[in-house]
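Enquirer: this one's structure only:
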Ligand SMILES: CCCCCCCCCCCCC/C=C/[C@@H](O)[C@H](CO)NC(=O)CCCCCCCCCCCCCCC
Ligand SMILES: Nc1ncnc2c1ncn2[C@@H]1O[C@H](COP(=O)(O)OP(=O)(O)OP(=O)(O)O)[C@@H](O)[C@H]1O
Ligand SMILES: [Ca+2]
């Protein structure tokens, strides 16, 4: 039963105003009282959102000895975008006596310990000094580190010197002291942490990541994201805004958001994990093109997007998918996955039930296609084929690639854009930036799925060397590790070009060797996997429900009804 017992209550002063303050296990409330002792507005802070409590920093004086300051999460609106931000609120209280001040300090600190137990105490922080606008180190030092210090979190900070350093650190070093890992960077940095955390967990559980039918072990180590990249899609889609202070506060209060992860396989090897976009055709070509223009920073995507759009390419392929249960939800049901989403909670319940009824546990058990239903096949020419495990909203597209996708329902949304005239495709793209339905177009289909397979029709040029062997055989996976960006990304991009798959330069290369017969546009594209290029078209994707946990709580619903206090009176939530 949810009994909200009073731990401490007394009169307190804030400036010249007198308040009646009440601390229960769940809330710290203070209500202004006028001279006639009538109650005015109450401010209420959930104990779970108290960041810290401090004695007065002023030089010792009798007055200062009776003061304490409470720091807490305060919700504000961004002036430019009207998004909900979290900021640090602070209120300095003055007590009638030093004794009472000490009681408040003790009770508040105790309430924090007992009623907010999932907070991290020690974090491993990786800063990419070169992500986005190269502000990672500055953002961390000026905005984040002071908040962690205030909250009593101790951090081991690694400023990366190379790509994949964070991933390798997580895979190999002793992590026993850490409650979570945090990246200061963009989606690429998040992806490093994702691969490190999943890989480490499977190593310790003795499970092979390469077998797409295995149910992987979900990861306990939480991941925090301080956005400092170019797109920061994972942060935006799980928090609702790209703001370092908001993200730092979600980490401090120990929020926990499960997240679906898609494993991408080629031949008999795992290639990568993805949480946001596995995209072929347009998004693959944009990523391949944008790697050549990294120096432009975040603008490279618009520039490359326009170039690729103007090329007006489409690609032949066979898309097969395993549909999710249509009774549970639909990508066109116009709902949004918000904080405490019921669709995701039901998925959690089903997972827990499956675990408890399975004699051992779900981990390591087989995902059998037979028991999972029938594969559906679609063959044709496509402008874009995209799979996303979540909405993939970002500042460029505030509702995302699939506005009704769920963060933690164990499914992904497959978006198939068939070949169409350029104006139609532009309409589709443009709708990502508005509230218009991008799926309400005759050449677009969207399906909620558990797995996807993509292959090339027989006779497609790339088939010649595609079926030669696994990814490993081609030397693209080193020691069974997932592919990585930057250094190896460069290498991959070169290989892509050599194979004449993505861009005009590659066509020229082919022209040199094959003459006129190959002056047509490339017949295959590449996959964009959360910003990484996969230079072979034939892949199998499987969605793993709630494989990792982030320090986030999903997007908060701004239209939620106002809180009421224990006496039923309306009050302000800080
Ligand atoms: C008319 C305006 C159309 C604007 C269309 C905007 C659509 C935006 C959709 C964004 C979806 C982001 C999904 C997130 C993916 C991340 O995991 C990944 C890693 O960070 N980022 C990208 O792949 C980065 C992908 C970036 C894709 C940018 C595409 C920009 C298209 C611009 C088209 C211009 C046409 C102009 C015609 C002359
Ligand atoms: N010190 C480093 N030097 C070079 N590359 C690095 C370094 N540290 C990390 N990286 C790599 O840089 C890549 C890009 O970084 P990051 O994701 O932080 O920024 P971004 O690409 O600008 O943002 P986004 O991924 O959101 O588009 C990552 O894939 C990461 O592996
Ligand atoms: Ca999902």
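Expert: Structure received. As the structure is a computational prediction, the values presented were derived from the model and not from experiment. Numbering: from 1, shown residues only. Ligands and ions are numbered 1, 2, ... in the order given.
Enquirer: In this structure, which residue sits nearest ligand 3?
Expert: Per Cβ to the ion, residue 260 is where the chain lies closest to ligand 3, at 3.9 Å. To be clear about C-beta, it is placed using only N, CA and C from the backbone, and glycine gets the same treatment.
Enquirer: And the pLDDT for that residue?
Expert: You'll see residue 260 listed with a pLDDT of 98.
Enquirer: That one looks like it's in a strand, true?
Expert: Yes. When DSSP: H, G, I helix; E, B strand; the rest coil is applied, residue 260 is found to be in a strand.
Enquirer: how about the spatially closest residue to it that is not a sequence neighbour, what does it touch?
Expert: With sequence-adjacent residues excluded and distances taken as Cβ to Cβ, 6 or more residues apart in numbering, residue 260 is closest to residue 389, at 4.1 Å. Residue 389 makes contact with 259-262, 274-276, 405, 407, 411-412, 543, according to Cβ atoms under 8 Å, 6 or more residues apart in numbering.
Enquirer: Which residues of this structure lie near ligand 3?
Expert: Selection of the chain residues close to ligand 3 by Cβ under 5 Å from the ion yields 260, 389, 406, 409, 411.
Enquirer: so which of the residues you listed is the most crowded?
Expert: residue 389 (31 neighbours; other Cβ atoms under 10 Å).
Enquirer: Next, that one: phi, psi?
Expert: Recorded main-chain torsions at residue 389 are phi -80, psi -10, according to degrees, to the nearest 10.
Enquirer: measure it to ligand 1 for me?
Expert: Distance, residue 389 to ligand 1, using Cβ to the nearest ligand atom, to the nearest Å: 11 Å.
Enquirer: now swap in residue 72 and tell me
Expert: 32 Å.
Enquirer: just residue 18 next, same as before
Expert: Remark: distance between residue 18 and ligand 1 (Cβ to the nearest ligand atom) = 52 Å.
Enquirer: Bridged to that residue, which residues?
Expert: On the basis of DSSP bridges, residue 18 is bridged to residue 13.
Enquirer: Contacts only, for it.
Expert: Counting by Cβ under 8 Å, 6+ apart, residue 18 makes contact with 11-12, 32-33.
Enquirer: In strands, which of these appear?
Expert: Judged by DSSP state E, strands contain the following of the contacts of residue 18: 11-12, 32-33.
Enquirer: Quick check, the residue in the stretch 251-400 of the chain closest to ligand 1?
Expert: Distances between the stretch 251-400 of the chain and ligand 1 by Cβ to the nearest ligand atom are smallest at residue 305, namely 2.6 Å.
Enquirer: mind listing what that residue touches?
Expert: Contacts for residue 305 (Cβ under 8 Å, 6+ apart) come out as 286, 429.
Enquirer: Check whether it sits in a helix, strand or coil.
Expert: For residue 305, the assignment made with three-state DSSP gives helix.
Enquirer: ok, which stretches of the stretch 151-300 of the chain are helices?
Expert: Residue ranges of the helices in the stretch 151-300 of the chain, as given by DSSP state H, counting those that start in this stretch, are 165-172, 187-205, 233-239, 244-252, 282-290, 300-311.
Enquirer: from the contacts of residue 389, which single one is nearest residue 86?
Expert: residue 407 (18.4 Å; Cβ to Cβ).
Enquirer: From residue 531, how far off is that closest one?
Expert: Counting by Cβ to Cβ, to the nearest Å, the gap from residue 407 to residue 531 is 19 Å.
Enquirer: Stretch 319-329: end-to-end distance?
Expert: Taking Cα to Cα, to the nearest Å, stretch 319-329 runs 22 Å from one end to the other.
Enquirer: Need the residues that contact it.
Expert: By Cβ under 8 Å, 6+ apart, the list of residues contacting stretch 319-329 from outside reads 335, 343, 346-347, 369, 372-379, 382, 385, 404, 406, 409-411, 414, 416, 447-455.
Enquirer: Return the distance of the residue of the stretch 251-400 of the chain closest to ligand 1 relative to residue 232.
Expert: According to Cβ to Cβ, residue 305 and residue 232 sit 17 Å apart.
Enquirer: Could you do residue 52 as well?
Expert: Using Cβ to Cβ, we find residue 52 at a distance of 27 Å from residue 232.
Enquirer: what's the answer for residue 10, then?
Expert: Distance of residue 10 to residue 232, given as Cβ to Cβ: 44 Å.
Enquirer: Over to residue 537?
Expert: Note on residue 537: its distance to residue 232, by Cβ to Cβ, is 28 Å.
Enquirer: sec struct for residue 126, please.
Expert: What three-state DSSP gives for residue 126 is strand.
Enquirer: wait, I meant residue 552
Expert: Secondary structure, three-state DSSP: residue 552 is coil.
Enquirer: what about it, how many residues close to it?
Expert: As a burial measure, residue 552 scores 27 neighbours (other Cβ under 10 Å).
Enquirer: For it, give me the backbone phi and psi.
Expert: Backbone torsions for residue 552, taken as degrees, to the nearest 10, come to phi -160, psi 170.
Enquirer: what's near enough to touch it?
Expert: Applying Cβ under 8 Å, 6+ apart to residue 552 gives the contacts 225, 235, 238-239, 247, 250, 255, 257.
Enquirer: and the end-to-end length of stretch 280-299?
Expert: For stretch 280-299, the first-to-last residue distance is 21 Å (Cα to Cα).
Enquirer: which parts of it are buried?
Expert: Residues 280-292, 298 are the ones in stretch 280-299 that count as buried (16 or more other Cβ atoms under 10 Å).
Enquirer: Alright, calling it a day.
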